[in-house]
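# Here's a sequence, model it:
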Amino acid sequence: MAAAQKKSWETKQMEKHIPPASAVMRRLEQLCDFSAAIGVLVLVAVALMTTVSVLGRAFFSHPILGDVELVQLGVAVVVACFLPYTQFRRANIIVDFFTTHASTKAQRRMDALGTWLYTVTMVMVAWRVAVGGMDIYTAQERSMLMDLPLWIPYVLMLPGLVLCVLIGVMQLFEGATPEEAV
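Numbers count the residues shown, from 1 in each chain. You can find the predicted model right below:
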């Protein structure tokens, strides 16, 4: 019974927020909060636009032209805005089935490996989004219904993706949190 109630190191980190010790991590936390706030604003705007479009379609037979395009482009930006927040708080979805019975040291090593893999993945995603955005800009691709330049969401996604990379690198370099070092 006690083993079933044992929480992973990662789960313990998600349950309590410990202010970062270093100035760099405090600044990254502020940037994460700002990025998440921007994500919330875009998400609310997309939700309101969808509501207006559905009501317009239902009651006036006049939806917002290109609402699906706006939702697709907006949600891509929203996800990129929320990713740094979840990475900073170590709140990404994890499967702790294998780590529940592992020692704290083994859990930290596996978490470090996960952080490294996540960071490498974010480097590749940021790189491809940047290249894709440049290619779309060069080709002057535009959305079909609203004729919006498609490179704009790519540019808006980059800050969040780069912030994820910076957070991952800092988490790898900082290693143990203060309470673990004791």
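# Can you give the contact residues for the helix or strand containing Leu161?
Element membership for Leu161 (DSSP states H and E) is helix 151-174. With contact meaning CB atoms under 8 Å, 6 or more residues apart in numbering, helix 151-174 is reached by 22, 24-25, 28, 31-32, 35, 39, 73-74, 76-77, 80-84, 87-88, 90, 112, 115-116, 118-119, 122-123, 125-126, 129-130, 132-134, 136-137, 141. Bear in mind the C-beta positions are built from the backbone N, C-alpha and C, glycine included.
# State the number of residues packed around the nearest residue to Pro84 once chain neighbours are set aside.
Spatial nearest neighbour of Pro84, excluding adjacent residues (CB to CB, 6 or more residues apart in numbering): Leu163 at 4.0 Å. By the measure other CB atoms under 10 Å, the count of residues near Leu163 is 24.
# ok, how many other residues are close to the closest residue to Gln140 other than its chain neighbours?
Nearest residue to Gln140, sequence neighbours excluded (CB to CB, 6+ apart): Pro149, at 7.4 Å. Neighbour count of Pro149, defined by other CB under 10 Å: 14.
# List the residues that contact Pro149.
137, 140-142.
# at 10 Å what do you get?
136-137, 140-143, 155 (CB atoms under 10 Å, 6 or more residues apart in numbering).
# what's the answer for Leu31, then?
Contacts of Leu31 by CB under 10 Å, 6+ apart are 84-85, 88, 159-160, 163, 166-167.
# As JSON lines, these with pLDDT would be great.
As requested, the contacts of Leu31 are exported to JSON lines (pLDDT from 0 to 100):
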{"residue": "Pro84", "pLDDT": "95"}
{"residue": "Tyr85", "pLDDT": "94"}
{"residue": "Phe88", "pLDDT": "92"}
{"residue": "Pro159", "pLDDT": "96"}
{"residue": "Gly160", "pLDDT": "96"}
{"residue": "Leu163", "pLDDT": "97"}
{"residue": "Leu166", "pLDDT": "96"}
{"residue": "Ile167", "pLDDT": "95"}
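# biggest separation within those residues, which pair?
Largest separation among the contacts of Leu31 by CB to CB: Phe88 and Pro159, giving 14.2 Å.
# Of those two, which one has the most company?
More crowded of Phe88 and Pro159, by other CB under 10 Å: Phe88, with 24 against 18.
# how close does the more buried one sit to Ala45?
24 Å (CB to CB, to the nearest Å).
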